[in-house]
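Q: Pasted the sequence and its predicted model underneath.
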Amino acid sequence: MKNKKPIIALGALAVLGLIGGTIAYFTSEATFDNVFTTATYKTKSTETFSSPDNWLPGQTVAKSVVTLNEGTIPVAVRVSTAEKWTLEDNTEITMPHTFGTGTDAVTYNSDRDLVTLNYGTNKATMWLDSTDTTNDKHLYYYKKLAPNATTDESFLTSVTLNSNVTTDTNCVTEGVVGEGTVTKTCTTGIKGLGKATYTLTITIETVQADQYQNAWTTAPAITETDTN
């Protein structure tokens, strides 16, 4: 009977060892840093133009509009123009429009009857001409610009008030002949327009080259890239 007690005690210790034991295992961890550097999209369009205060028939005013791709990816460029004539009383007119009646009538069928837009000599080869019938706009698309490239020539080089516009002279006499000083003041202006204001708005848009047809759904196919 005396030899049985130690055996029971050891059994109890063995059970306690199983219950309070710690399970050990191997672990490992690996971290991978995937770095994505985005492209630089940066374009700059520059206009050089001095607005004339007394624009005369036949007078040509220089105008320069160029776009530079300062980014790291090719871009597509397109330009649209909009013209507006505003009378001295701020009334806007649209073409075609007829002023006066009978022999005094004069009709301007379009802005081209009054103003000539002078494009660069390479317009036919560097720009694609396309009409956006949905938005009623005339658009011009340039070849894709490579990084650090610029449109090799200004889209417009100058604007001319046509020399063949019809002019109108109005004179006002103050005073009575033979009764002191008589002043006659005459003002000459475009017939029906007088001292009008012509506004030419040029809109330049750019987009990353591989997405131009998604951004401009009416754009024609632009296949070449200009690296100038």
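A: On my side now, so go ahead.
Q: Just say helix, strand or coil for Thr103.
A: helix (DSSP: H, G, I helix; E, B strand; the rest coil).
Q: Report the beta-bridge partner residues of the most centrally placed residue in the chain.
A: Centre of the chain computed as the mean C-alpha position; nearest residue by Cα atoms, centre = their mean is Ile204, 2.2 Å away. Beta bridges link Ile204 to Val79, judged by DSSP bridges.
Q: now the one 4 residues further on
A: On the basis of DSSP bridges, Gln208 takes part in beta bridges with Val75.
Q: where does the protein have low pLDDT?
A: Residue ranges of the chain with pLDDT under 70: 1-22, 131-138, 176-180, 228.
Q: For it, which segments count as helices?
A: For the chain, applying DSSP state H gives helices covering 4-20, 123-126, 212-215.
Q: Tell me the buried residues in stretch 115-134?
A: By neighbour count with 16 or more other Cβ atoms under 10 Å, stretch 115-134 contains the buried residues Val115, Leu117, Asn118, Tyr119, Gly120, Lys123, Met126, Trp127, Leu128, Ser130. For every residue, glycine as well, the C-beta is placed using N, CA and C.
Q: any idea which of those residues is closest to Asp226?
A: Proximity of the buried residues of stretch 115-134 to Asp226 (Cβ to Cβ) peaks at Met126, which lies at 7.2 Å.
Q: Distance check, the closest one against Glu70.
A: When distance is defined by Cβ to Cβ, to the nearest Å, Met126 is 20 Å away from Glu70.
Q: and if you look at Val77?
A: From Val77 over to Glu70 (counting by Cβ to Cβ), the distance is 13 Å.
Q: So for the two, which residues contact both of them?
A: Thr43 (Cβ atoms under 8 Å, 6 or more residues apart in numbering).
Q: So if I had to pick from the two, which one is more boxed in?
A: Val77 (26 against 14; other Cβ atoms under 10 Å).
Q: ok, that one touching Leu68?
A: No - with contacts counted by Cβ atoms under 8 Å, Val77 stays clear of Leu68, the gap being 10.1 Å.
Q: any common contacting residues for the two?
A: Joint contacts of Val77 and Leu68 (Cβ under 8 Å, 6+ apart) are Thr43, Thr151.
Q: And the closest residue to Glu70 other than its chain neighbours, how far from Val75?
A: Leaving aside its sequence neighbours, Glu70 sits nearest to Lys42 (Cβ to Cβ, 6 or more residues apart in numbering; 4.3 Å). Lys42 sits 9 Å away from Val75, going by Cβ to Cβ.
Q: Strands along this structure, start to end?
A: 43-49, 60-69, 75-86, 92-93, 97-99, 106-108, 115-119, 127-132, 137-145, 156-161, 167-174, 183-190, 197-208, 225-226 (DSSP state E).
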